[in-house]
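[1] Pasting the sequence and the predicted coordinates here, then a few questions.
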Amino acid sequence: MKHLLSIADLGRDGIEELLRLTDSFVEVSERSIPKVPALRGRTVVSLFYEDSTRTRLSFETAAKRLSADTMSFSVGSSSVNKGESLRDTVETIHAMGVDAVVVRHKSSGVPWQIASWIDASIINAGDGWHEHPTQALLDCYTIRAELGRPISDLHVAIVGDIKHSRVARSNVLALTLLGARVTLVGPDTLLPPSLEGWGVDVSGDLDDVLPKCDVVYLLRMQLERQHEALVPSLREYSSRFGLDRARVERLPEHALVMHPGPMNRGVEIAADVADLPRAVITQQVRNGVAVRMAVLYQLLGSGASLG
Amino acid sequence: MKHLLSIADLGRDGIEELLRLTDSFVEVSERSIPKVPALRGRTVVSLFYEDSTRTRLSFETAAKRLSADTMSFSVGSSSVNKGESLRDTVETIHAMGVDAVVVRHKSSGVPWQIASWIDASIINAGDGWHEHPTQALLDCYTIRAELGRPISDLHVAIVGDIKHSRVARSNVLALTLLGARVTLVGPDTLLPPSLEGWGVDVSGDLDDVLPKCDVVYLLRMQLERQHEALVPSLREYSSRFGLDRARVERLPEHALVMHPGPMNRGVEIAADVADLPRAVITQQVRNGVAVRMAVLYQLLGSGASLG
Amino acid sequence: MKHLLSIADLGRDGIEELLRLTDSFVEVSERSIPKVPALRGRTVVSLFYEDSTRTRLSFETAAKRLSADTMSFSVGSSSVNKGESLRDTVETIHAMGVDAVVVRHKSSGVPWQIASWIDASIINAGDGWHEHPTQALLDCYTIRAELGRPISDLHVAIVGDIKHSRVARSNVLALTLLGARVTLVGPDTLLPPSLEGWGVDVSGDLDDVLPKCDVVYLLRMQLERQHEALVPSLREYSSRFGLDRARVERLPEHALVMHPGPMNRGVEIAADVADLPRAVITQQVRNGVAVRMAVLYQLLGSGASLG
């Protein structure tokens, strides 16, 4: 495995292997010195054309715990502003001696383009509405760890703006590859035009779906969807698709509440619901570092000891 | 000691202990390799909701000299802009595995809130008009080191915008706990409405105070005070409260001139005064790194050797 | 050697020595762990008053490969915005314990000023229209490595906006000191008013110069020159001074195409020309890291082993 571009490329075995490897890095993270020398002398650069401090810091923390050097290249202060092409920027970064590039870009497919241009490992940290594979991996890991059951036994509802969500797309791929039943829930305007081949159920009625779920996964509501008239109002959206206390009561007792963050408390999730024990949002963040350590280790560190 | 939130919490013994510990780190800073492995594997994050490169770099330098990893989370490019609550931001950072959070925020009390939310050491790097404890510690350390006398023997004048200054507040607390006599000097509009319980003298006449001081501590004049009509004009402020050469002549020969930076040369301090040998402003900065090493070491490194 | 301020100061012997030292760091860069402990415990700060992620990252990568700690101080978020003088900023950074300052500033001469204020090694990373010495060093290194002939045997054409280019100025100095023949090519409006003492030829006819060159070095066209009416239009500029495929045909077979980046493809260089094998632009970037390692090592690491 040279790159991590999509869940689709990974396949079921690839996912399973990364989840197993993540166990080792969860263990490393619990050591008193949570650091291993596996990637000493390697350089990992984050190339973010969209702001995301949370994802960038997660990757950089993962890289540092593997003893790699990190560099951060964000669009605000870069030569991108001087009209340089994406390709020239990438080739420049590569020429400085970079082993992996973690890339986020508003256009789908950019990570593949970059992988075709330079000889370094490329990790897709979100490309347009398309994929965000490490998010799906950390979500699958969290589900398995929290419920202690194989994902193939589970039913996961993903709720909200499916259409514009790379998180939904990568999670649907990963969960169905692992054998879960997935139901997408949202207003018609926020569902993709066609779901053929997705292998999922669809529903417009959250109250109906909740009692049958093991996991309810809430997507962040982009506040601009209101201005685009895709939802009548946030209040209306909330009343139909927001997870409040009354709706939580409809869930089976063991069911998890998940969210990729950052949350809009009071929109897709009620403020008090986000703080329930079954809301495992901080566990997702914690596991995110371990999953990214596993990914970086698999791409760059094969053979290095975790001593 | 788990957090450093305020000078008030530290008390006299706590201050004395940190100042003693600072001596060790001044010594470390003078080594040819000014670095110790005490905090290897620890992560220190700076969470700055107000710009302050100077304070942030001082903490990050301190952390690196203790071999900690550092992360920087500044508000400009963070999910804060996406409407995430302070608490969710903090819990996310914490979930990534952070040992200490250095926080600056425009609202008083935020560091306490954060300390109540997460299990990490919190260091207050300035909260609103309230406190900035490491600034007071580095100032006390500098006074003692430069004058070579116990602080209980000294008279310190703090001059300027006391009302809006966390630096003034923390210094008054620290200096009076250590037994110094403190006189606050400024126009009535820039003094707090009540000084009951502060244990200080007040004066509106700098010329009168100067001959009796061992230290004159000038606060940075926020240029916006002029627009708020709290001072008639910067020129007028300068002529009454700025330290120029003529006023320096009124000081005892041994007296120090101090400033927390960044200076407005020509406003609260004349350009040539800032460069006099008795102006120990760069010593304050230098000692700031050692004081912050002492604080981080005491919070996170107990028992680690300084080999 | 304490500072690297200009090619002029270095002289022929100084250049030769740094180019020889660069060979060692090219070798280090090719190791499986491209890192040496030579500058452990040293701190290198980049102080950039003009954006340049590319140059800043190159220096920071070089510093990290030498195991130095790095700090980055960019003007956007610094106390510069609070009206602090350049000198006070520099003295503050210095007081935190810095061994080298890499400075870029829009005014010529700033690196010299800084060198007169503080006791640290200063590296000029570009001052106004004046000098950018590490760029010239990496260019000379690349020419020698790619052509395998002494620079004294070569003829280099530098094309474009000579007048406003620190890259041109440093390269003319370095190349002529090493004995090359240099021809400057550009419209009269973009040539300096006087070239006395530069030791170069001048031409307004690129087509005439190309067949006699071993290297054609294209400068970045600042797009604002059009608004300043120094060129009639970018199209017109391109047609007279841009390097397209037809013009490449006029070059000797062995001749190199160089550019300091970031490129305006389609203005000073045609898109397909930048990707020809003889265009050694990524080699320039790669050698840039090794040259900067050599400079930092010579300034800070004398005596340290490259084990």
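    Here it is on my side, so go on.

[2] what's around the residue of the stretch 1-150 of chain A found nearest chain C, how many residues?
    Going by Cβ to the nearest Cβ, chain C is nearest to residue A:41 of the stretch 1-150 of chain A, at 3.2 Å. Glycine gets a C-beta too; all of them are placed from N, C-alpha and C. Neighbourhood size, residue A:41 [other Cβ atoms under 10 Å in any protein chain shown]: 16.

[3] Show residues contacting the one helix or strand residue A:62 maps to.
    Element membership of residue A:62, judged by DSSP states H and E, is helix A:53-65. Outside helix A:53-65, the residues that touch it by Cβ atoms under 8 Å, 6 or more residues apart in numbering or on different chains are A:25, A:28-29, A:34-36, A:39, A:44, A:46, A:48, A:69-70, A:72, A:74, A:102, A:104, A:123, A:125-126, A:261-262, A:285, A:288-290, A:292-293, A:295-296, B:43, B:69, B:71, B:73, B:77-79, B:92-93, B:96-97.

[4] so who does residue A:283 touch?
    A:142, A:145, A:146, B:95.

[5] Got a ChimeraX select line for the buried ones in those?
    With 16 or more other Cβ atoms under 10 Å in any protein chain shown as the criterion, this ChimeraX line picks the buried residues out of the contacts of residue A:283:
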select /A:142,146 /B:95
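
[6] Mind pulling the model confidence for the residue of the stretch 1-150 of chain A closest to chain C?
    For residue A:41, the pLDDT comes out at 92.

[7] now residue A:229
    Residue A:229 is given a pLDDT of 83.

[8] if I look at it, how far off is residue A:268?
    18 Å (Cβ to Cβ, to the nearest Å).

[9] Please identify which of those two sits among more neighbours.
    Between residue A:229 and residue A:268, counted using other Cβ under 10 Å, the more crowded position is residue A:268 (23 against 8).

[10] which ones are touching the more buried one?
    So residue A:268 contacts A:159, A:160, A:218, A:219, A:220, A:221, A:237, A:238, A:241, A:242, A:243, A:259 (Cβ under 8 Å, 6+ apart).

[11] what does residue A:234 give?
    The contact partners of residue A:234, by Cβ under 8 Å, 6+ apart, come to A:221, A:223, A:226, A:267.

[12] excluding its backbone neighbours, what's nearest the third one?
    Using Cβ to Cβ, 6 or more residues apart in numbering or on different chains and skipping the chain neighbours, the partner closest in space to residue A:226 is residue A:234 (5.7 Å).

[13] Name the surrounding residues that touch stretch A:221-230.
    So stretch A:221-230 is contacted by A:160-161, A:164, A:187, A:189-190, A:231, A:233-234, A:237, A:264, A:267-268, B:83 (Cβ under 8 Å, 6+ apart).

[14] so which of these would you say is closest to chain C?
    residue B:83 (21.9 Å).

[15] The strand or helix carrying residue A:297 versus helix A:53-65: what angle between them?
    Using DSSP H and E, residue A:297 sits within helix A:281-300. Interaxial angle, helix A:281-300 versus helix A:53-65 (axes from the mean of the first three to the mean of the last three Cα atoms, to 10 degrees): 50 degrees.

[16] Partner strands of the lowest-mean-pLDDT helix or strand in chain A and their direction?
    When each helix and strand of chain A is scored by mean pLDDT, DSSP states H and E, strand A:69-74 comes last, with a mean of 88. Applying DSSP bridges, strand A:69-74 is found paired with strand A:43-48 (parallel).

[17] for the helix holding residue A:297, which positions count as buried?
    A:281-300.

[18] For the stretch 101-250 of chain A, give the residue positioned nearest to chain B.
    For the stretch 101-250 of chain A, Cβ to the nearest Cβ, closest residue to chain B: residue A:223, 7.2 Å.

[19] Check what pLDDT that residue gets.
    82.

[20] For it, give its distance to residue A:241.
    15 Å.

[21] Give me the nearest residue to residue A:257, chain neighbours excluded.
    Nearest to residue A:257 is residue A:279, by Cβ to Cβ, 6+ apart, at 4.2 Å.

[22] contacting residues for the one you found?
    Each residue near residue A:279 by Cβ under 8 Å, 6+ apart is listed here: A:256, A:257, A:258, A:259, A:269, A:273.

[23] which other residues reach the helix ranked longest in chain A?
    Taking DSSP state H as the criterion, chain A has its longest helix at helix A:7-29. Applying Cβ under 8 Å, 6+ apart, the set of residues contacting helix A:7-29 from outside is A:1, A:3-4, A:34-36, A:65, A:131, A:133, A:136-137, A:140-141, A:144, A:170, A:173-174, A:177-178, A:286-287, A:289-291, A:293-295, A:297-298, A:306, B:97.

[24] any idea how far residue A:75 is from the residue nearest to the spatial centre of chain A?
    What sits nearest the mean C-alpha location of chain A, by Cα atoms, centre = their mean, is residue A:135, with 1.6 Å. To residue A:75, residue A:135 is 21 Å away according to Cβ to Cβ.
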